[in-house]
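1. no FASTA, just this:
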């Protein structure tokens, strides 16, 4: 079974600074997809960014970018110019294998200090 | 579009009671799923459906039933509630699996006493 590990239960960053959230995963598949979802205090799950495993280029969405290291099975999220609205729980997720079911990590709670 | 809707938002049950959590989507998505979220555990897949009439088990299916008679609706039934089922439940839908974004409902907070 695929597993997703987020080794940082909590992180904090100063407003306007950069922070990196870590994620590693375990799979024997060659075709899969990786995601970062954000869950603010409202509880609503929001997609932040996605990465296709067959693409070598790292995905970028405005202030959010990933560092995808396929051989190391690592998928970290970098948030640049952090804003107060970035404070949330962040979940790394993997989709692959039979039926491409989504497997989530346990989450990293990000605090943004003014 | 309303997106993914879930009812109720909050529910308190006594041990042994049964209930159905409702989920509906108006995006004509084929794939729907139910997750539970517990502190420190992330989201875990309970059941999913790849289309009307087709359902399958996820990681933690015990104590839950689902059916998918229409594309729009995917209810989750708790057969005999137990305190271990106290959790926040999320329904999600997507165009398909793989690279597609999953759209989540607002969640149902369930407490079993």
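-> Thanks, I have it. Quick caveat: nothing in here was measured; it's all calculated off a predicted structure. Residues are numbered from 1 along each chain as shown, chains lettered A, B, ... in the order given.

2. does the helix or strand residue B:91 falls within reach chain A?
-> Assigned by DSSP states H and E, residue B:91 falls within strand B:87-94. Yes: Strand B:87-94 lies within reach of chain A by Cβ under 8 Å from any Cβ of the partner chain, at B:88, B:90, B:92. All C-beta atoms are positioned from the backbone trio N, CA, C, and that covers glycine.

3. run through the bridge partners of residue 20.
-> Using chain A. residue A:78 (DSSP bridges).

4. my question was about chain B
-> Residue B:20 has these beta-bridge partners by DSSP bridges: residue B:77.

5. from memory it sits against residue B:77, does it?
-> Yes: with contact defined as Cβ atoms under 8 Å, residue B:20 reaches residue B:77; the gap is 4.9 Å.

6. per-residue confidence at the residue most central in space within chain A?
-> Centroid-nearest residue in chain A: residue A:36, 3.4 Å away (criterion: Cα atoms, centre = their mean). On pLDDT, residue A:36 comes in at 98.

7. how about the lowest-mean-pLDDT helix or strand in chain A and chain B, touching?
-> The helix or strand of chain A with the lowest confidence, counting by mean pLDDT, DSSP states H and E, is strand A:102-104 at a mean of 92. Yes: shown here: strand A:102-104 in contact with chain B (Cβ under 8 Å from any Cβ) through A:102, A:103, A:104.

8. elements contacting that strand?
-> For strand A:102-104, the elements it packs on are strand A:3-5, strand A:88-96, strand B:42-51, judged by 3 or more Cβ pairs under 8 Å, 6 or more residues apart in numbering or on different chains; DSSP states H and E.

9. out of those, deepest packed?
-> strand A:88-96 (a mean of 23; mean count of other Cβ atoms under 10 Å in any protein chain shown).

10. how about that one, does it reach chain B?
-> Yes: with Cβ under 8 Å from any Cβ as the criterion, chain B is reached by strand A:88-96 at A:91, A:95.

11. in its sheet, what does that strand sit against?
-> Its sheet considered, strand A:88-96 pairs with strand A:32-39 (antiparallel), strand A:102-104 (antiparallel), strand A:108-113 (antiparallel) by DSSP bridges.

12. turn those into TSV, including distance to residue A:86.
-> Below are these laid out as TSV (distance: least, Cβ to Cβ, whole Å):
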stretch	distance to residue A:86
strand A:32-39	8
strand A:102-104	19
strand A:108-113	5
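
13. of the ones you listed, which is nearest residue A:7?
-> strand A:108-113 (8.6 Å; Cβ to Cβ).

14. starting at the chain centroid, how far to that closest one?
-> Counting by Cα atoms, centre = their mean, to the nearest Å, strand A:108-113 is centred 14 Å from the centre of its parent chain.
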